[in-house]
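**Student:** With the sequence up front, the predicted model follows.
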Amino acid sequence: MSKHGRVLVAMSGGIDSTVTAMMLHEQGYEVIGITMKTWDYASSGGSKKETGCCSLDSINDARQVAVDMNFPHYIVDIREEFGDYVIDNFVDEYLAGRTPNPCVLCNTHIKWNSLLKRADAMGCEFIATGHYAKINEQDGRKFVTRAKDLNKDQSYVLWGLSQECLDRSRFPLGGYTKPEVRKMALDFGYEELSKKGESYEICFVPDNDYRGFLKRRVDGLEERVDGGEFVNADGDVLGKHKGYPFYTVGQRKGLGLAFGEPMYVTEIQPQANRVVLGPVNELVRNGMKVGQLNLMKYKDLNGGMEAITKIRYRDSGALSKVVQTSDKEVDVEFFANVKGVAPGQSAVFYEGDDVVGGGIIYGSSRANV
């Protein structure tokens with residue numbers, strides 16, 4: 001019997017999850033490795049060779065470390081449940097004129113549920129991943145906190161985790177920087193692993209061509225949406241576009257039109273197959289509505305609070321007033337106007353380094369500038 005208990009470690013074959021498993025094994029946990037097969041990229045018709053967490057090479061890399069360190073390793077095929085939920089939502093959101101974040105959805109509804117289910121079946125008290133984040137506790141509630149390495153911090157994509165998930169989760173890398181993790185891999189004797197690159201792609205769109213993915217996924221989509229209108233805020237027609245699902249709020253390049261000043265996508269109107277363009281000042285917003293709320297640090301917001309709100313992964317955040325309007329919704333008022341609020345993206349609320357909670361952006365209010 002181990003001195004710390006049994007932990008199920010999600011191992012993608014990458015450096016972060018592999019070092020996580022090795023660290024916990026060295027610390028005295030009884031480690032069981034698991035690699036989840038989420039997607040078979042060859043079936044999507046993409047042009048790029050399968051890479052990342054679903055490739056055979058990555059699965060073999062994870063298994064080899066488990067063999068070397070003498071702990072069990074299992075491969076679990078969750079392609080059906082992943083595809084039904086994450087990929088269908090990804091497609092549906094673009095068809096609804098919104099910009100989804102599939103990694104958040106996968107973490108919240110697929111990976112953690114799958115891990116907890118397998119952990120229970122294998123008698124594991126804990127689950128662990130290679131995310132760069134920390135878990136803290138206050139007044140009996142668990143919440144995610146930013147990692148030591150702010151350049152790698154992944155707290156933004158973890159806002160949807162429930163109290164049950166947080167109670168059983170471990171993030172061993174939260175107190176380390178990426179260079180320190182690479183040094184650990186080298187110290188463990190894995191020189192090639194220490195040099196392993198990283199993927200920032202969506203796992204089921206590894207060529208980064210989400211437009212091509214949508215066309216392959218939805219029969220007749222290109223013909224159905226081609227030839228819609230670019231319009232300005234007044235409804236004046238500016239030209240023709242290639243289909244509203246192929247544009248996102250804040251986009252400037254690839255519009256196929258020339259103007260006297262830079263123009264951006266400011267709104268998408270799916271029912272009319274229209275894409276609204278405007279100068280940069282028309283991207284400015286002073287507030288937004290956020291739904292599908294999940295609170296971590298507090299049970300409720302008790303009339304509202306000031307928080308730093310991030311509206312995208314690489315966003316530095318903006319000071320705002322967050323007012324809870326129902327169990328699952330909040331209104332956000334920005335103290336200073338922000339640009340590029342995109343419906344479908346995640347809004348995450350921070351108190352210092354702590355994640356108060358998060359949700360999905362439903363809509364925004366245009367500022368007078």
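**Tutor:** Happy to help now that I have it. Residues are numbered from 1 along each chain as shown.
**Student:** which residues of the stretch 51-200 of the chain score low on pLDDT?
**Tutor:** Applying pLDDT under 70 to the stretch 51-200 of the chain picks out residues 51-55, 199-200.
**Student:** how is the protein carved up into domains?
**Tutor:** Listed by automatic domain parsing, the domain ranges of the chain are 6-194, 226-278, 284-366.
**Student:** can you put these in TSV and add distance to residue 201 and mean neighbour count?
**Tutor:** C-beta here means a position set from N, CA and C on the backbone, and glycine is covered the same way. TSV is the format used below for those (distance: least, Cβ to Cβ, whole Å; neighbours: other Cβ atoms under 10 Å):
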stretch	distance to residue 201	mean neighbour count
domain 6-194	7	19
domain 226-278	16	16
domain 284-366	13	19
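**Student:** So for residue 218, which of those domains sits nearest?
**Tutor:** domain 6-194 (6.3 Å; Cβ to Cβ).
**Student:** how far out from the middle of the chain is stretch 147-154?
**Tutor:** 14 Å (Cα atoms, centre = their mean, to the nearest Å).
**Student:** next one: stretch 210-222
**Tutor:** That offset, for stretch 210-222, works out to 22 Å (Cα atoms, centre = their mean).
**Student:** before we move on, back to that, now the domains of the chain as a markdown table including distance to residue 205?
**Tutor:** Listed next are the domains of the chain as a markdown table, based on distance: least, Cβ to Cβ, whole Å:
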| stretch | distance to residue 205 |
| --- | --- |
| domain 6-194 | 7 |
| domain 226-278 | 13 |
| domain 284-366 | 16 |
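**Student:** which stretch among the ones you listed comes nearest residue 216?
**Tutor:** Of the domains of the chain, the one closest to residue 216 (Cβ to Cβ) turns out to be domain 6-194, at 4.7 Å.
**Student:** ranges for the helices of the stretch 151-300 of the chain?
**Tutor:** Using DSSP state H, counting those that start in this stretch, the helices of the stretch 151-300 of the chain run over residues 163-168, 178-187, 191-194, 210-217, 221-225.
**Student:** wait, which of those is closest to residue 322?
**Tutor:** Using Cβ to Cβ, the nearest of these to residue 322 is helix 163-168, at 19.7 Å.
**Student:** now what about that closest one, what contacts it?
**Tutor:** Contacts to helix 163-168, defined as Cβ atoms under 8 Å, 6 or more residues apart in numbering, come from residues 112, 116, 119, 125, 126, 127, 135, 141, 142, 143, 144, 296.
**Student:** helices or strands up against the helix or strand containing the second one?
**Tutor:** Secondary structure assignment for residue 116, by DSSP states H and E: helix 112-121. Packing partners of helix 112-121 (3 or more Cβ pairs under 8 Å, 6 or more residues apart in numbering; DSSP states H and E): strand 6-10, strand 30-37, strand 73-77, strand 126-128, helix 163-168.
**Student:** Tell me which of those sits nearest to residue 230.
**Tutor:** strand 30-37 (41.1 Å).
**Student:** List the neighbouring strands of that closest one plus their orientation.
**Tutor:** Paired neighbours of strand 30-37 in the sheet (DSSP bridges): strand 6-10 (parallel), strand 73-77 (parallel).
**Student:** Out of the ones you listed, the one nearest residue 149 is which?
**Tutor:** strand 6-10 (19.4 Å).
**Student:** Now do the buried residues in stretch 194-205.
**Tutor:** Using 16 or more other Cβ atoms under 10 Å as the test for burial, stretch 194-205 gives 194, 196, 202, 203, 204, 205.
**Student:** follow-up on the earlier one: now tabulate the helices of the stretch 151-300 of the chain in JSON lines and tack on distance to residue 252.
**Tutor:** Shown next, in JSON lines, are the helices of the stretch 151-300 of the chain (distance: least, Cβ to Cβ, whole Å):
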{"stretch": "helix 163-168", "distance to residue 252": "38"}
{"stretch": "helix 178-187", "distance to residue 252": "31"}
{"stretch": "helix 191-194", "distance to residue 252": "38"}
{"stretch": "helix 210-217", "distance to residue 252": "16"}
{"stretch": "helix 221-225", "distance to residue 252": "21"}
